[in-house]
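[1] Need coordinates for the below:
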Amino acid sequence: MCLGIPGRIIAITDATRLMAMAEVSGVRREVNVACIADGPLEGLIGEWALIHVGFAMSRIDADEAEKTLEALRDLGEAQEALEAMAEGQRALEANP
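    Residues are numbered from 1 along each chain as shown. Have a look, this model is predicted:
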């Protein structure tokens, strides 16, 4: 399974190499935009894209980006709850 994280392109860092700076949940990371470049690279600034292993794989709109980020946050919260439940179960088993 391939997981793409929504990120917003905030700057072009190296037009020759098709590299841009993307902000993903407050974290900035340089990504390759070859898969989404279809005109002047400056046109990508402010656009949302799904980012996977250093590549902007596809453009998405702001609404889809927000829904995806919300789902990822919910999954993180669910994972934390599952880990807490598992820890509680281990504690019960250790102290019968």
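
[2] Going by length in residues, pull out the top strand of this structure.
    In the chain, assigned by DSSP state E, the strand with the most residues is strand 5-14.

[3] Run me through the strand neighbours of it, direction for each.
    Neighbouring strands of strand 5-14 in its sheet, by DSSP bridges, are strand 19-24 (antiparallel), strand 48-52 (antiparallel).

[4] okay if I get those strands as CSV plus mean pLDDT, distance to residue 66 and mean neighbour count?
    (Each C-beta comes from the backbone N, C-alpha and C, glycine too.) Formatted as CSV, those follow (pLDDT from 0 to 100; distance: least, Cβ to Cβ, whole Å; neighbours: other Cβ atoms under 10 Å):
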stretch, mean pLDDT, distance to residue 66, mean neighbour count
strand 19-24, 94, 13, 19
strand 48-52, 94, 9, 22
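
[5] Enumerate the positions of the longest strand of the chain that are buried.
    By 16 or more other Cβ atoms under 10 Å, the buried positions in strand 5-14 come out as 5, 6, 7, 8, 9, 12.

[6] Out of the residues you listed, which comes closest to residue 38?
    Proximity of the buried residues of strand 5-14 to residue 38 (Cβ to Cβ) peaks at residue 9, which lies at 13.1 Å.

[7] when you compare where the helix or strand harbouring residue 73 runs with where strand 5-14 runs, what's the angle?
    Element membership of residue 73, judged by DSSP states H and E, is helix 62-94. Calculated by axes from the mean of the first three to the mean of the last three Cα atoms, to 10 degrees, helix 62-94 forms an angle of 120 degrees with strand 5-14.

[8] Can you mark which positions in helix 62-94 are buried?
    Within helix 62-94, the residues scored as buried using 16+ other Cβ under 10 Å are 65, 68, 69.

[9] ok, these vs residue 25, which is closest?
    For these, the nearest to residue 25 is residue 69 (6.7 Å; Cβ to Cβ).
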